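Q: Fold the following and give me the result.
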Amino acid sequence: MTILIFFLSDWEKRLAVLTGNPISIFLLICEVIPFIIGVIFWEKYRKNSLMWFVLFLGYNFANDISSGTYYVSGLGNNTSLFFNIRDVLYILMFYLLYFNFLKKAVFRMFVVVFFLVWIISLIYFGLTSNFIETYMFVPKLVGDFCLLIIILFSLIEVIESSKISKIADNIMVYIGLGLLLSLVVKLPISIVTFVGWLKVTDASDPRVTFFQLIRNVGFGVSCIMYVIFAYGLYKAKKPEITAT
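A: Residues are numbered from 1 along each chain as shown. Here you go, the predicted model:
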């Protein structure tokens, strides 16, 4: 009986960690909305590379639910593996998507170069760290920074090759804007939080409030990104990107 009471108490504490922040709950709702929209309009995307984007949105939501369940159930405290696998698929999916979308050879070449740079950072991380227990912060940072440049390439192409009236029909514009907003805000937040939070050893440290605040800003920006994705999947015309 004592063991059962302890288990229930621990379960409640773990659940409170995940549900104590309303913004993180709202983020989960925002995550699943673009996936639902993508499924509803699946016919527009199933024969081109955007199908991987829609499927990734569903996987991303399921991954967050799975990692939360893993933690709350008491199976483990470290969920790094869930997010490391997610981040690898995230980079592979977006780099593939943009490689297929970009038409200029020089831009496509940069995607390949950036991908190789990311691969090197990932291999180095794998050789020097525990992929299961350590979050791959540096490879994610490298991948996101390169992705930011790739997004700018894609927006340049869209502006140069499309009429103003047609830009709103291009799903890559919405994906690019959503990612651009997210990366510009969250890259510095990630750096500050990752570096600074490691130095905080006392829960009463006033810096904890600051880190929680900027983390919530990151959550809020992610919510906006997913809303942009959802609107784009609904609004855009069938894309001209071949399946790969």
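
Q: Need the pLDDT of the residue at minimal distance from the centre of the chain.
A: Closest residue to the average C-alpha location of the chain: residue 90 at 6.6 Å, with C-alpha atoms, centre = their mean. pLDDT, residue 90: 97.

Q: now residue 29
A: Here, the pLDDT recorded for residue 29 equals 93.

Q: and what of residue 135?
A: On pLDDT, residue 135 comes in at 91.

Q: where's residue 121, which helix or strand?
A: helix 105-128 (DSSP states H and E).

Q: could you point out the longest helix in this protein?
A: helix 207-235 (DSSP state H).

Q: circling back: what separates the residue nearest to the centre of the chain from residue 160, distance-wise?
A: Distance, residue 90 to residue 160, using C-beta to C-beta, to the nearest Å: 27 Å. For the C-beta atoms, the positions are set from N, CA and C on the backbone; glycine is no exception.

Q: how about the helix holding residue 121: buried residues?
A: Buried residues in helix 105-128, counted by 16 or more other C-beta atoms under 10 Å: 107, 108, 110, 111, 114, 115, 118, 121, 122, 125.

Q: now these as TSV including distance to residue 218 and pLDDT?
A: What follows is the buried residues of helix 105-128, written out as TSV (distance: C-beta to C-beta, whole Å; pLDDT from 0 to 100):
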residue	distance to residue 218	pLDDT
107	28	95
108	31	96
110	27	96
111	26	97
114	23	98
115	25	97
118	21	98
121	22	97
122	23	96
125	22	95
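
Q: Farthest pair within those residues?
A: 107 and 125 (26.9 Å; C-beta to C-beta).

Q: Residue 153 is in contact with residue 107, correct?
A: Yes: Residue 107 lies in contact with residue 153 (C-beta atoms under 8 Å); the separation is 4.4 Å.

Q: C-terminal to the lowest-mean-pLDDT helix or strand in the chain, what's the next element?
A: Scoring the helices and strands of the chain by mean pLDDT, DSSP states H and E places helix 2-19 at the bottom, with a mean of 48. Next in sequence after helix 2-19, counting helices and strands by DSSP H and E, comes helix 22-40.

Q: could you give the mean pLDDT of the following helix or strand past that following helix?
A: Using DSSP H and E, the helix or strand that follows helix 22-40 in sequence is helix 42-45. The average of the pLDDT scores along helix 42-45 is 92.

Q: Just after helix 42-45, pick out the following helix or strand.
A: Downstream of helix 42-45, the next assigned helix or strand under DSSP H and E is helix 50-72.

Q: That next one: what's the following helix or strand?
A: Stepping forward along the backbone from helix 50-72, the first helix or strand reached (DSSP H and E) is helix 80-101.

Q: Give the buried residues for that following helix.
A: Judged by neighbour count (16+ other C-beta under 10 Å), helix 80-101 contains these buried residues: 80-84, 86-91, 93-101.

Q: do the same with stretch 153-169
A: Buried-residue list, stretch 153-169, by 16+ other C-beta under 10 Å: 153, 154, 155, 157, 158.

Q: which residues touch stretch 149-162?
A: Contact with stretch 149-162 is made by 94-95, 98, 101-104, 107, 110-111, 114, 167, 170, 172-173, 176, 179-180, 183, as judged by C-beta atoms under 8 Å, 6 or more residues apart in numbering.

Q: hmm, back to that, can you redo the buried residues of helix 105-128 as a markdown table with distance to residue 216?
A: Shown next, in a markdown table, are the buried residues of helix 105-128 (distance: C-beta to C-beta, whole Å):
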| residue | distance to residue 216 |
| --- | --- |
| 107 | 35 |
| 108 | 37 |
| 110 | 34 |
| 111 | 33 |
| 114 | 30 |
| 115 | 32 |
| 118 | 28 |
| 121 | 28 |
| 122 | 29 |
| 125 | 28 |
